[in-house]
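>>> Next comes the sequence, and after it the predicted model I'd like to discuss.
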Amino acid sequence: MSDDTGSPTTVIGLLGIYNANGTVRGEISYWFGARMGRTHCALCEVTHGLFAERSDWRTARDELPVPFETHHLDDQPSDAAACASGRSPVVLARTEDGIYLLLTPEDLATCLGSPGRLVELLHRAVDDAGLAWPEVERDPKE
């Protein structure tokens, strides 16, 4: 993907869509379903522990060059739902030109709960899609 100048389209944000609903009932249903082996969300395994967001995920997320926001099936933006085409969990890239599928449920399953692996896959997927990360200004003292 490239813009009118031939430069790669720049990613301005990432969206992770969980394979769960965000209502209290949805959260409880997912929690019990996951414990009983009836429900699975590979993105949830990366971002959350038993009850709360994982600190190693927060660290990995905060080191990404763009914001990474998460949504549930019932609160995802309409353009994200259209791009995901009913698949979940997924990770999408938002650009000024639109939204692109970066990681499928099968890709996320290979993370095996590792935030570091997710970040590796994101960098590879952005390159493979012909997208670019925003330029980051470096401190001259570094």
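Great, that's in hand. Residues are numbered from 1 along each chain as shown.
>>> And the strands in this structure, which stretches?
9-17, 68-71, 90-95, 98-103, 131-132 (DSSP state E).
>>> quick one: which of the ones you listed is nearest A84?
Relative to A84, the nearest member of the strands of the chain by Cβ to Cβ is strand 90-95, separated by 4.9 Å. No exception for glycine: its C-beta is placed from N, CA and C like everyone else's.
>>> strand partners of that closest one, parallel vs antiparallel please.
Sheet pairing of strand 90-95 (DSSP bridges) gives strand 9-17 (antiparallel), strand 98-103 (antiparallel).
>>> what's that strand in contact with?
Strand 90-95 is contacted from outside by 1, 9-17, 43, 80, 83-84, 99-105, 107-108, 118, 122, 125-126, 129, 131, using Cβ atoms under 8 Å, 6 or more residues apart in numbering.
>>> May I have that strand exported as PDB, CA atoms only?
Output of strand 90-95 as PDB, limited to C-alpha atoms (Å, rounded to 0.1, in the frame of the first residue of the first chain):
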ATOM      1  CA  VAL A  90      -7.900 -10.200  14.900                       C
ATOM      2  CA  VAL A  91      -5.500  -7.300  14.900                       C
ATOM      3  CA  LEU A  92      -6.100  -4.500  12.400                       C
ATOM      4  CA  ALA A  93      -4.100  -1.500  11.300                       C
ATOM      5  CA  ARG A  94      -5.700   1.900  11.000                       C
ATOM      6  CA  THR A  95      -4.200   4.300   8.400                       C
END
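>>> need the helix or strand of this structure with the lowest average pLDDT.
In the chain, the helix or strand scored least confidently by mean pLDDT, DSSP states H and E is helix 24-35, which has a mean of 55.
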